[in-house]
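*Asks:* only geometry, no sequence info:
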């Protein structure tokens, strides 16, 4: 008889995105020292991949004006890979300059979308999709030449809350061009929470077939409560080198997009994995401490389930 968990992997790699995507969703400006304390707490939790900052204009997002100072202040253990978001050549120059000074970030995230709305309404670009895709490809090649690892996202891969449905063939075509530009790994992103488990299986079956062996990253938002279910079915698909994004407290959301809500809460994901015997090497209590710290500072209740009810009995 097959066990209920025989189809699950023994381990799941988690990348924490709260310090970048979570903080950007907060309107209250957080002090630099607070961001540093939270990131250090996440390192203490055992997270070995953390998306920490964005190198974008502070006029677009004032929350990220202190990105260089955040990098200067955080702990930099050799076991942790720090990543940063870059949208244009100026942002890449900033990332390269602070890396020369501090040794990080190690990896650059680039945003591409299968729909034009996300980068249009957020002021990223007004170019047609094909032109912007070429720009992103050039940025990837430049970043690799500077010694960065590169991780482009295909956002709105499961549909867009403004432009509507997105064809899977379009997602795959964009992904191919990003990989041809030199992507070290590829992210398929449900940036507005449109995915359901059946669509996850359909999309990632194609991704697995097309890009077998390439590190794949999954990025889900929990707009309609399907986030954990989407990850669960994905975990059973046997994708090599899979990493899943999550955010402490469930913070996040794409600015200016209708219905934008946070990512899957890291502590919720860790709780599920712990309960099923899937190893994450993440201390759920430390993640909860980081989320509680954020709630106290900006006075907002995080959407995390575990944060409200506490960890399961076996995790206490």
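*Replies:* Okay, I see it. Bear in mind the structure is a predicted one, so any value in this text is a computation, not a measurement.

*Asks:* what ranges of the stretch 51-200 of the chain fall below the confidence cut-off?
*Replies:* For the stretch 51-200 of the chain, applying pLDDT under 70 flags the ranges 117-123.

*Asks:* how about the helices in it?
*Replies:* Using DSSP state H, counting those that start in this stretch, the helices found in the stretch 51-200 of the chain span residues 67-73, 89-102, 117-121, 129-145, 168-180, 197-210.

*Asks:* leaving out the residues flanking it, which one is nearest to residue 208?
*Replies:* Distances taken as Cβ to Cβ, 6 or more residues apart in numbering place residue 239 nearest to residue 208, at 5.3 Å, with adjacent residues excluded. C-beta here means a position set from N, CA and C on the backbone, and glycine is covered the same way.

*Asks:* around the one you found, count how many other residues there are.
*Replies:* Per other Cβ atoms under 10 Å, the neighbour tally for residue 239 reads 20.

*Asks:* what's the answer for the one 5 residues further on, then?
*Replies:* The local packing count at residue 244 equals 23, with neighbours defined by other Cβ under 10 Å.

*Asks:* state the distance from residue 295 to residue 35.
*Replies:* 15 Å (Cβ to Cβ, to the nearest Å).

*Asks:* on that earlier part again, possible to save the helices of the stretch 51-200 of the chain as a markdown table with mean neighbour count and distance to residue 284?
*Replies:* Shown next, in a markdown table, are those (neighbours: other Cβ atoms under 10 Å; distance: least, Cβ to Cβ, whole Å):
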| stretch | mean neighbour count | distance to residue 284 |
| --- | --- | --- |
| helix 67-73 | 19 | 24 |
| helix 89-102 | 16 | 29 |
| helix 117-121 | 20 | 32 |
| helix 129-145 | 17 | 34 |
| helix 168-180 | 18 | 33 |
| helix 197-210 | 16 | 24 |
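
*Asks:* any idea which of the ones you listed gets closest to residue 25?
*Replies:* helix 117-121 (14.4 Å; Cβ to Cβ).

*Asks:* tell me the secondary structure at residue 308.
*Replies:* helix (DSSP: H, G, I helix; E, B strand; the rest coil).

*Asks:* likewise for residue 47?
*Replies:* Once three-state DSSP is applied, residue 47 turns out coil.

*Asks:* beta-bridge partners for the residue nearest to it when sequence neighbours are not counted, please?
*Replies:* Leaving out its chain neighbours, the residue that sits closest to residue 47 by Cβ to Cβ, 6+ apart is residue 16, at 4.6 Å. Beta-bridge partners recorded for residue 16 (DSSP bridges): residue 50, residue 246.

*Asks:* so residue 212 sits against residue 238, correct?
*Replies:* No. The pair residue 212 / residue 238 is not scored as a contact, 10.4 Å apart, by Cβ atoms under 8 Å.

*Asks:* quick check: residue 158 vs residue 253, distance?
*Replies:* 16 Å.

*Asks:* cool, residue 164 as well?
*Replies:* Residue 164 sits 20 Å away from residue 253, going by Cβ to Cβ.

*Asks:* for these two, indicate the residue with more neighbours.
*Replies:* residue 253 (25 against 11).

*Asks:* is it true that that one touches residue 25?
*Replies:* Yes. Look at residue 253 against residue 25 with Cβ under 8 Å: they come within range, at 4.4 Å.
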